[in-house]
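K.L.:
Would you be able to build a 3D model of this:
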Amino acid sequence: MLIIDEVQTGFGRTGKMFASDGYGVEPDIICLAKSMSGGLPLSAITGRAEMMDKVHAGGLGGTFGGNPVACRAALAAIAVLEEMEQNGKMAELGEAIPERLHAIAERSPFVKEARGLGAMYSLEICDGLAEAAPSKERAEEVLHNCLADGLIMILAGTGGNVIRTLMPLTISDGELEEGMSILEKNILALS
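P.N.:
Residues are numbered from 1 along each chain as shown. Next up is the predicted model:
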């Protein structure tokens, strides 16, 4: 049995409706949440009928199951995402974001690696030396300077030195360009 957790990666975050779509994998069961309802609390477990029917009645409950407002929001969010998938906007973002972040990484000795899928991408900030030790201080400097320029970002990673990007998929081309320009400016300003 293959169970895939698409709580963070689902609903367009990777340039496809689900990350597993990019690998040609069809799960038996899939776990969903977060982007599914446009930010309202909702989660779901779905799967092949022969799997789902094996669970006793009430065995697949959840804290946020069945809230009518969140369910209505999910239907609206999914409709928007399906339109973005059909008109190519989801795939366009899934290609544009990594491309731009790799270009930034190539220009800075303080970016050890650009990695991820689609809009779920990150830059690992390092000290710029040959051994490329993690640099939480430089990552925090970028974060602080981006905030001063109007861009809110978060750090991740065990060393607190990874800048995560996870912008809304409904971001306009102008907003994306503005955010990427602010990030690029502040990474290239590191010394």
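K.L.:
does the spatially most central residue of the chain have beta-bridge partners, and which?
P.N.:
Residue closest to the average C-alpha location in the chain (CA atoms, centre = their mean): Met120, at 3.1 Å. Using DSSP bridges, the bridge partners assigned to Met120 are Leu117.
K.L.:
Hmm, it is touching Leu166, no?
P.N.:
Yes. Using CB atoms under 8 Å, Met120 is in contact with Leu166, at 6.0 Å. C-beta here means a position set from N, CA and C on the backbone, and glycine is covered the same way.
K.L.:
Which neighbours do the two have in common?
P.N.:
Common neighbours of Met120 and Leu166, counting by CB atoms under 8 Å, 6 or more residues apart in numbering, are Arg13.
K.L.:
care to break this protein down by domain?
P.N.:
Per automatic domain parsing, the domain ranges recorded for the chain read 3-86, 89-188.
K.L.:
mind putting those in CSV, mean pLDDT included?
P.N.:
Output for the domains of the chain, formatted as CSV (pLDDT from 0 to 100):
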stretch, mean pLDDT
domain 3-86, 89
domain 89-188, 94
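K.L.:
Could you report the neighbour count for the residue lying closest to Gly15 once chain neighbours are set aside?
P.N.:
Computed as CB to CB, 6 or more residues apart in numbering, the closest residue to Gly15 that is not its neighbour in sequence is Gly94, at 1.8 Å. The number of residues packed near Gly94 is 22, by other CB atoms under 10 Å.
K.L.:
and Gly94, what element?
P.N.:
Element membership for Gly94, per DSSP states H and E: helix 89-107.
K.L.:
got a list of contacts for that helix?
P.N.:
12, 14-17, 81, 84-85, 111, 113-114, 116-119, 121, 123, 165, 167, 169, 171, 176, 180, 183-184, 187-188.
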